[in-house]
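Asker: Structure of the sequence below:
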Amino acid sequence: MPPLGGMTNTEMRWGAPPSAEDLAELAETAFAAIPAPLREAVRGTVILVEELPDDETLEAMGLEHPWELTGLYRGTPLTEKSVLDAPMEPDTILLYREPILVEWVESGEDLFRLVRNVLIHEIAHHFGYSEEGIARLEGEG
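Answerer: Now for the predicted structure:
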């Protein structure tokens, strides 16, 4: 029997919109499910949940509306790192709560799967994949 009102188990979990802490918990669960060699390769990368991308980020990416960006990788991709580089800030994966929730509502996708997909997309940037490269990979799957 389908859940009440046709909602998925993820949707039934919250009476109110999922909080930043809820999304962080989903991201931690998704990260823990990534194969160990991949997890080890992104060790030290910080995963944060913020409400929306800031104006500076939107301008730098050529975006007009904050709901156009669900996640962002900030750091130096592994393909560009050198052991001679002085350590700076840790690489960071940002997940943007409001745009993720908008996509969740509009797409009907399970929220855990959506958070996992955004996280994996941003991890791909850590490995140096461009948006075009990621799109090609997603098209192959």
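
Asker: Check this protein for its longest helix and report it.
Answerer: In the chain, assigned by DSSP state H, the helix with the most residues is helix 111-126.

Asker: gap between that helix and the chain center?
Answerer: Offset of helix 111-126 from its chain centre (C-alpha atoms, centre = their mean, to the nearest Å): 4 Å.

Asker: Mind listing residues that contact that helix?
Answerer: 8, 10-11, 18, 23, 26-27, 29-31, 33-34, 38, 42, 45, 47, 70-73, 75, 77-78, 91, 93-95, 100, 103-104, 107, 133-134, 137 (C-beta atoms under 8 Å, 6 or more residues apart in numbering). Yep, even glycine has a C-beta here, placed from its N, CA and C like the rest.

Asker: Kindly export it (C-alpha atoms) in CSV.
Answerer: The C-alpha trace of helix 111-126 is given here as CSV (Å, rounded to 0.1, in the frame of the first residue of the first chain):
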residue,chain,number,x,y,z
LEU,A,111,14.9,13.8,-1.0
PHE,A,112,17.7,11.5,0.0
ARG,A,113,18.4,10.6,-3.6
LEU,A,114,18.4,14.3,-4.6
VAL,A,115,20.8,15.2,-1.8
ARG,A,116,23.0,12.2,-2.7
ASN,A,117,23.0,13.2,-6.4
VAL,A,118,24.0,16.8,-5.6
LEU,A,119,26.8,15.6,-3.2
ILE,A,120,28.1,13.2,-5.8
HIS,A,121,28.0,15.9,-8.5
GLU,A,122,30.1,18.2,-6.3
ILE,A,123,32.5,15.4,-5.4
ALA,A,124,33.0,15.0,-9.2
HIS,A,125,34.2,18.6,-9.2
HIS,A,126,36.7,17.7,-6.5
